[in-house]
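Peer 1: I'd like to go over a predicted model; first the sequence, then the structure.
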Amino acid sequence: MDLLNFEVIADYWHVFLRGLGLTIFLTVVTMILATMLAIPLALARLSMSRLFRWPANVFVEFMRATPLILQLIYIYYVLPSAGIKLNPIVAAITGLTLHYSAYLSEVFRGGIQSIHKGQQEAALSLGLSRWLAFRKVVLPQATRAVLPTLANYLISLFKDTSLASVVTVQELMFSGQIISARNFQYFTVYTVTALLYFAVCYPSGLAVRVLEEHIRKGMRTRDDKKMQAAAVAN
């Protein structure tokens, strides 16, 4: 008997693709929201004011010190007892966003700290406000520096959406569970599921390597230009 049952694949291909589509949707929406939340968190952790720094520190450390699956379960199954009831997709996006925003905030914090203070001071000397100097000078450079790391987190997020199955979201992994429960074709179902994850993650990983190399070349070119300018000045 063949291990791969192509009849099962033919019968349920639309279920696999629907699950893959929902997985991609969760990944994209979560990454956008997590990035939007991560930048203010990073700034709060860099703030000189304890009023901003301490709550941000507590949030980030708590989210990083507790498992994502527990956070999802808490949001979907525990919060309703406090009168907060979310539908499965909203609960999954909320949990994934809060979890990943904590990690991405550390990425942005490191990126911001890597930018020389002279960059912002030069912008301030030109008459820009601190906010404009940060938005137009510091943040673009910091974002460019952390792009490969963000891309790697995007791939990790794509795989971690499988945990949304615990809150009954029928993404790719949960779709596989439902199909295999109907026909008991575990080898076929989970092989196809694994191949679909691989089909997305492997090319994405290659793209991240290309991006890293492109940024590395850009930085080398910029450093070479600085050295040439210094040599001419001397």
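Peer 2: Alright, I've got the coordinates.
Peer 1: make it CA atoms for all contacts and neighbour counts henceforth
Peer 2: Noted.
Peer 1: can you list the residues that contact stretch 210-219?
Peer 2: The set of residues external to stretch 210-219 that reach it, using Cα atoms under 8 Å, 6 or more residues apart in numbering, is 144-145, 148.
Peer 1: most neighbours, which of those residues?
Peer 2: Neighbour count (other Cα atoms under 10 Å) singles out residue 145 as the most crowded of the contacts of stretch 210-219, with 22 neighbours.
Peer 1: For the nearest residue to that one once chain neighbours are set aside, pull up the helix or strand it's in.
Peer 2: Spatially, and ignoring its direct neighbours in sequence, residue 145 is nearest to residue 111 (6.3 Å; Cα to Cα, 6 or more residues apart in numbering). Element membership for residue 111, per DSSP states H and E: helix 88-114.
Peer 1: could you say what helices and strands that helix packs with?
Peer 2: helix 6-46, helix 50-65, helix 68-73, helix 139-160 (3 or more Cα pairs under 8 Å, 6 or more residues apart in numbering; DSSP states H and E).
Peer 1: So for that helix, what gets flagged as buried?
Peer 2: Residues 88-89, 91-109, 111-112 are the ones in helix 88-114 that count as buried (16 or more other Cα atoms under 10 Å).
Peer 1: before we move on, the earlier item: comparing the helices and strands packed on helix 88-114 by mean pLDDT, which bottoms out?
Peer 2: Comparing mean pLDDT over these, the weakest stretch is helix 139-160, at a mean of 90.
Peer 1: Count the neighbours of residue 173 for me.
Peer 2: 24.
Peer 1: again but with residue 41, I slipped
Peer 2: A count of neighbours around residue 41, defined by other Cα under 10 Å, yields 26.
Peer 1: try residue 199
Peer 2: Neighbours around residue 199, by other Cα under 10 Å: 11.
Peer 1: any idea whether it is helix, strand or coil?
Peer 2: Assigned with DSSP: H, G, I helix; E, B strand; the rest coil, residue 199 falls in the helix class.
Peer 1: so how far is residue 26 from the closest residue to residue 196 other than its chain neighbours?
Peer 2: Nearest-residue entry for residue 196: residue 20, 7.6 Å, with adjacent residues in sequence omitted and distances by Cα to Cα, 6+ apart. Separation of residue 20 from residue 26 (Cα to Cα, to the nearest Å) stands at 10 Å.
Peer 1: Excluding chain neighbours, what is closest to residue 40?
Peer 2: Nearest one to residue 40, counting by Cα to Cα, 6+ apart, is residue 105 at 8.0 Å.
Peer 1: Quick check, that neighbour in contact with residue 46.
Peer 2: No: between residue 105 and residue 46 there is no contact under Cα atoms under 8 Å: 10.5 Å.
Peer 1: Next, the contact list for the residue nearest to residue 196, please.
Peer 2: Neighbours of residue 20 in contact, by Cα under 8 Å, 6+ apart: 171-172, 196.
Peer 1: hey, C-alpha coordinates of the helix or strand just after the helix holding residue 111 in PDB?
Peer 2: Helices and strands here follow DSSP H and E; after helix 88-114, the next one along the chain is helix 117-125. Provided in PDB are the C-alpha atoms of helix 117-125 (Å, rounded to 0.1, in the frame of the first residue of the first chain):
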ATOM      1  CA  LYS A 117      24.200  59.600  18.800                       C
ATOM      2  CA  GLY A 118      25.900  62.100  16.500                       C
ATOM      3  CA  GLN A 119      23.200  61.300  13.900                       C
ATOM      4  CA  GLN A 120      20.400  62.600  16.000                       C
ATOM      5  CA  GLU A 121      22.500  65.500  17.300                       C
ATOM      6  CA  ALA A 122      23.300  66.600  13.700                       C
ATOM      7  CA  ALA A 123      19.500  66.400  12.900                       C
ATOM      8  CA  LEU A 124      18.700  68.500  16.000                       C
ATOM      9  CA  SER A 125      21.400  71.100  15.000                       C
END
